[in-house]
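> Return a 3D structure for these sequence lines:
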Amino acid sequence: MNDDPATIDRHLVIVRLREQTDLTFDEIGKIAGCSRPYCVQTYLLGDTDA
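Sure thing, here's the model as predicted:
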């Protein structure tokens, strides 16, 4: 995983939005500024580097 703080923050935003809202991955992608497949992959990987 990339150690860039902006990338890590984006991962956390995606995971938290998906867990705590009813937003779709398309909607989350618009908020986070990334594609739907990126959001899905990020969510499936979780919010940890471990």
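> can you tell me the helix or strand for the residue nearest the centre of the chain?
The residue lying closest to the centre of the chain (Cα atoms, centre = their mean) is residue 14, at 2.5 Å. Element membership for residue 14 (DSSP states H and E) is helix 5-20.
> I'd like to know which elements that helix is packed against.
helix 25-32, helix 36-45 (3 or more Cβ pairs under 8 Å, 6 or more residues apart in numbering; DSSP states H and E). The way it works is simple: take the backbone N, C-alpha and C, and place the C-beta from them, glycine included.
> re earlier: does the residue nearest to the centre of the chain really touch residue 40, like I thought?
No. The criterion here is Cβ atoms under 8 Å, and residue 14 misses it with residue 40 at 9.2 Å.
> Give the buried residues for the helix holding residue 14.
Buried residues in helix 5-20, counted by 16 or more other Cβ atoms under 10 Å: 10, 11, 13, 14, 15, 17, 18.
> next one: stretch 32-50
With the criterion 16+ other Cβ under 10 Å, stretch 32-50 contains buried residues 32, 34, 38, 39, 42, 43.
> any idea how far residue 9 is from the third one?
Between residue 38 and residue 9 the distance, using Cβ to Cβ, to the nearest Å, works out to 14 Å.
> just residue 15 next, same as before
Distance from residue 15 to residue 9, by Cβ to Cβ: 11 Å.
> for this structure, what are the low-confidence residue spans?
1-3, 47-50 (pLDDT under 70).
> Tell me which residues touch the nearest residue to residue 14 once chain neighbours are set aside, please.
Among residues not flanking residue 14 along the chain, residue 42 sits closest, at 4.7 Å (Cβ to Cβ, 6 or more residues apart in numbering). Shown in contact with residue 42 (Cβ atoms under 8 Å, 6 or more residues apart in numbering): 10, 11, 14, 15.
> One more: residue 26?
Counting by Cβ under 8 Å, 6+ apart, residue 26 has contacts residue 36.
> Equivalent analysis for residue 33, please.
Residue 33 neighbours (Cβ under 8 Å, 6+ apart): residue 10.
> What does it show for phi and psi?
phi 70, psi 40 (degrees, to the nearest 10).
> still on that earlier bit, between the helix holding residue 14 and helix 25-32, how big is the angle?
Angle, helix 5-20 to helix 25-32, by axes from the mean of the first three to the mean of the last three Cα atoms, to 10 degrees: 140 degrees.
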